[in-house]
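Visitor: give me a 3D structure for the following:
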Amino acid sequence: MNEESRVPFETQPTGLETVPAPLDARPPREVSLFWRTFFLLAMLLVGCIVAWLQTFRALEFEPRVLQSAQQLASLVNLSRAALVHSDSIARVSLVKTLADEESVRIAPREPTDQYRLYDTDSLSRSVSERLYARLGPGTVVAREVNNTPGLWIGFSIDGDPYWLLTDPSRLGLVAGTTWLIWLGTALVLSLTGAALIARLINRPLKNLSFAASRLREGDFNASQLSEAVATSEIREVNIGFNRMAQRLSKIEQDRALMLAGISHDLRTPLARLRLETEMSVSDPQAREHMAADIEQVNAIIDKFLDYARPDHLEPERVSLNQVIDAATFPASLDPNTSVTTSIPPETILMGDATELQRVFANLVENAQRYGRDPVTGVVRIDIAAKAKDEWVLIKLRDHGTGVSPEMLSQLTQPFFRGDASRSSATGTGLGLAIVERAVSRMGGRFALANSSTGGLSAHIKLPRAKA
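Guide: Below you'll find the model as predicted:
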């Protein structure tokens with residue numbers, strides 16, 4: 001036994017990370033089509049709402065300026081006319097009435113008054129400019145006088161300056177809270193509508209995806225789509241998919257019938273040939289060779305049937321130790337074959353026991369045919385396994401001559417044979433193809449690599465059973 005076989009499995013390079021298609025590669029991060037459609041619609045609707053809001057504010061600005069300036073100018077002119085044409089007693093009553101009923105306060109303007117102009121934004125500046133134009137020179141629009149906030153308008157009555165104090169809400173666009181309420185309501189309704197539209201759009205695709213998954217698993221009855229939908233394009237897709245599923249179901253039934261016929265119709269004459277050979281051929285050596293040829297034909301039929309098995313499997317808990325023991329038992333009876341296993345006890349994985357036994361039997365048979373030690377002529381097979389995260393990693397290697405690197409990716413192709421150093425025995429060329437298909441059906445990965453110390457290594461990655 002060479003140096004590599006003496007190293008524990010945990011420290012050996014498994015080859016799973018160095019093969020051309022890494023078995024540990026993770027699929028790219030996926031995004032649901034529903035959420036993708038929803039976010040695109042939501043972005044479109046939010047952009048439309050913001051654009052509509054800005055357009056509305058721009059269209060509202062100029063009419064609001066004119067209306068505010070006209071109302072304030074009219075208020076000032078009416079107050080000025082009322083005060084001019086009233087006597088002193090009536091003037092006091094008028095000022096009190098304006099303050100109580102119209103929330104308009106009129107007070108004398110003192111030279112010592114300190115004020116701050118009403119120029120906080122474009123609206124207030126535009127209104128102030130229009131009031132200057134309507135009320136004449138000397139007009140002052142302030143937002144605070146002597147530390148008292150409000151909308152203050154300075155005007156003159158017969159040369160005497162006065163202040164008119166009114167509610168600041170007379171000047172301004174719609175309040176920010178009002179805009180937020182309307183904007184929030186519009187956003188909620190828009191996002192709800194986007195979710196409903198996205199769900200409506202993606203429902204046929206979701207049904208098609210589910211039907212395709214059922215069809216892939218061989219469940220043809222559950223893969224039927226409705227052909228009475230209102231949308232013509234979806235209806236045509238559903239009709240086409242259903243017809244395809246029906247044809248695939250018919251092909252699957254024909255294949256099963258054909259396989260059963262091949263197995264029966266070929267094995268029956270082979271059995272008769274075997275019986276006639278035993279009874280009619282007197283030469284023991286010729287009889288032995290003829291029986292071996294018949295067994296080889298039987299083995300070829302088995303290979304073809306194994307390769308053509310359905311893809312659907314129901315995974316179950318399988319003991320790897322028992323499967324390896326059953327698969328390697330015939331090889332252990334051969335005096336020229338040595339099988340060494342290093343598998344932790346109670347290694348349980350998810351798969352099919354019969355398929356797994358067929359997988360390892362094919363690998364062991366392949367190693368016996370092509371993995372003979374060129375020096376000793378003995379076939380040495382090392383099988384090791386270990387659990388890693390949610391997987392069980394299995395390695396089976398021989399100590400033969402290996403294959404050229406450019407042929408590694410072709411060894412699992414049906415009917416492909418390696419170079420002359422690994423083709424000294426007869427076969428169908430389906431063994432490794434059967435292994436790859438069976439491992440794939442059980443949700444695993446299969447790869448081949450040349451061992452660093454000689455020979456071919458087969459690496460299998462299968463789902464680990466949960467405790």
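
Visitor: mind listing the strands in the stretch 1-150 of the chain by residue range?
Guide: 105-108, 115-117, 140-145, 148-157 (DSSP state E, counting those that start in this stretch).

Visitor: ok, Pro374 to Ser209 distance?
Guide: To Ser209, Pro374 is 52 Å away according to C-beta to C-beta, to the nearest Å. For glycine as for every other residue, the C-beta is placed from the backbone atoms N, C-alpha and C.

Visitor: got it, and Phe34?
Guide: From Phe34 to Ser209 the distance is 11 Å (C-beta to C-beta).

Visitor: so these two - more neighbours on which side?
Guide: Using other C-beta atoms under 10 Å as the criterion, Phe34 and Ser209 rank with Phe34 on top: 16 against 12.

Visitor: got the buried residues for stretch 221-241?
Guide: Ser223, Leu225, Val229, Ile234, Arg235, Val237, Asn238, Phe241 (16 or more other C-beta atoms under 10 Å).

Visitor: what sits against the fourth one?
Guide: Taking C-beta atoms under 8 Å, 6 or more residues apart in numbering as the contact definition, Ile234 lies against Pro204.

Visitor: and the strand or helix carrying it, how far out from the chain's middle?
Guide: Element membership of Ile234 [criterion: DSSP states H and E] is helix 232-280. In terms of C-alpha atoms, centre = their mean, to the nearest Å, the centre of helix 232-280 is set 36 Å apart from its chain centre.

Visitor: the next helix-or-strand element following that helix to helix 232-280, inter-axis angle?
Guide: For helix 232-280, the following helix or strand on the C-terminal side (DSSP H and E) is helix 284-307. Orientation check (axes from the mean of the first three to the mean of the last three C-alpha atoms, to 10 degrees): helix 284-307 against helix 232-280 gives 170 degrees.

Visitor: picking that back up, closest to Asn450 out of the strands of the stretch 1-150 of the chain?
Guide: Closest to Asn450 of these is strand 140-145 (C-beta to C-beta; 86.4 Å).

Visitor: centroid-wise, who is the farthest residue in the protein?
Guide: Asp87 (84.4 Å; C-alpha atoms, centre = their mean).

Visitor: how near is that residue to Ile157?
Guide: Relative to Ile157, and taking C-beta to C-beta, Asp87 is found at 14 Å.

Visitor: same question for Asp119.
Guide: Counting by C-beta to C-beta, the gap from Asp119 to Ile157 is 25 Å.

Visitor: which residues of the stretch 1-150 of the chain score low on pLDDT?
Guide: Counting by pLDDT under 70, the stretch 1-150 of the chain has low-confidence residues at 1-31, 33, 57-62, 88.

Visitor: could you rerun that using 80?
Guide: Residue ranges of the stretch 1-150 of the chain with pLDDT under 80: 1-34, 36, 49-50, 52-69, 71, 79-80, 82-95, 97-103, 119-124, 136-138.

Visitor: how about the helices in it?
Guide: Counting by DSSP state H, counting those that start in this stretch, the stretch 1-150 of the chain has helices at residues 3-6, 33-84, 88-101, 122-135.

Visitor: can you classify the residue nearest to Ile153 when sequence neighbours are not counted as helix, strand or coil?
Guide: Counting by C-beta to C-beta, 6 or more residues apart in numbering, Ile153 lies nearest to Leu164, which is 4.6 Å off, once chain neighbours are set aside. With DSSP: H, G, I helix; E, B strand; the rest coil as the basis, Leu164 sits in strand.

Visitor: what pairs with Leu164 across the strands?
Guide: Leu164 has the following beta-bridge partners by DSSP bridges: Ile106, Ile153.

Visitor: tally of neighbours for it?
Guide: Counted with other C-beta under 10 Å, Leu164 comes out at 21.

Visitor: mind checking pLDDT for it?
Guide: At Leu164, the pLDDT value in this model is 85.

Visitor: now Asp167
Guide: For Asp167, pLDDT reads 77.

Visitor: residues in contact with it?
Guide: Neighbours of Asp167 in contact, by C-beta under 8 Å, 6+ apart: Ser103, Gly150, Leu151.

Visitor: and the gap between the nearest residue to Ser126 once chain neighbours are set aside and Asp334?
Guide: Leaving aside its chain neighbours, Ser126 sits nearest to Val65 (4.6 Å; criterion: C-beta to C-beta, 6+ apart). Per C-beta to C-beta, Val65 is found 102 Å from Asp334.

Visitor: roughly how far apart are the closest residue to Asn238 other than its chain neighbours and Ile394?
Guide: Using C-beta to C-beta, 6+ apart and skipping residues adjacent in sequence, the residue nearest Asn238 is Leu225, 3.8 Å away. Noted for Leu225: a distance of 40 Å to Ile394, by C-beta to C-beta.

Visitor: and for Ile381?
Guide: 13 Å.

Visitor: these two: which is more packed in?
Guide: Comparing Ile381 with Ile394 by other C-beta under 10 Å, the one with more neighbours is Ile394, at 29 against 22.

Visitor: partners of the one helix or strand that one maps to in the sheet?
Guide: Using DSSP H and E, the element containing Ile394 is strand 391-397. Partners of strand 391-397 in the sheet, by DSSP bridges, are strand 379-388 (antiparallel), strand 456-463 (antiparallel).

Visitor: packing partners for the helix or strand immediately after it in the chain?
Guide: Once strand 391-397 ends, the next helix or strand along the chain (criterion: DSSP H and E) is helix 431-441. On a contact count with 3 or more C-beta pairs under 8 Å, 6 or more residues apart in numbering; DSSP states H and E, helix 431-441 meets helix 284-307, helix 353-370, strand 445-450, strand 456-463.

Visitor: off-centre distance for the last one?
Guide: Here the centre of mass of C-alpha atoms in strand 456-463, compared against the chain's by C-alpha atoms, centre = their mean, lies 27 Å away.

Visitor: swap in the third one?
Guide: A distance of 28 Å separates the C-alpha centroid of strand 445-450 from that of its chain, computed with C-alpha atoms, centre = their mean.

Visitor: now do the first one
Guide: Its chain's C-alpha centre and that of helix 284-307 lie 49 Å apart, by C-alpha atoms, centre = their mean.

Visitor: returning to that earlier point: closest one to Val127 among the strands of the stretch 1-150 of the chain?
Guide: Once the strands of the stretch 1-150 of the chain are compared by C-beta to C-beta, strand 140-145 is nearest, at 7.2 Å.

Visitor: and the angle from the closest one to helix 33-84?
Guide: Using the same axes, to 10 degrees: strand 140-145 against helix 33-84 is 110 degrees.

Visitor: adjacent strands (with direction) for strand 140-145?
Guide: Strand 140-145 is paired, per DSSP bridges, with strand 115-117 (antiparallel), strand 148-157 (antiparallel).

Visitor: mean neighbour count added to those, as a markdown table?
Guide: Formatted as a markdown table, these follow (neighbours: other C-beta atoms under 10 Å):
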| stretch | mean neighbour count |
| --- | --- |
| strand 115-117 | 15 |
| strand 148-157 | 19 |
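
Visitor: what is the burial count for Pro111?
Guide: Neighbour tally, Pro111, other C-beta under 10 Å: 5.

Visitor: quick one: contacts for Leu215?
Guide: Ser223, Ala245, Leu248.

Visitor: the last one and Arg216 touch, don't they?
Guide: No: between Leu248 and Arg216 there is no contact under C-beta atoms under 8 Å: 10.1 Å.
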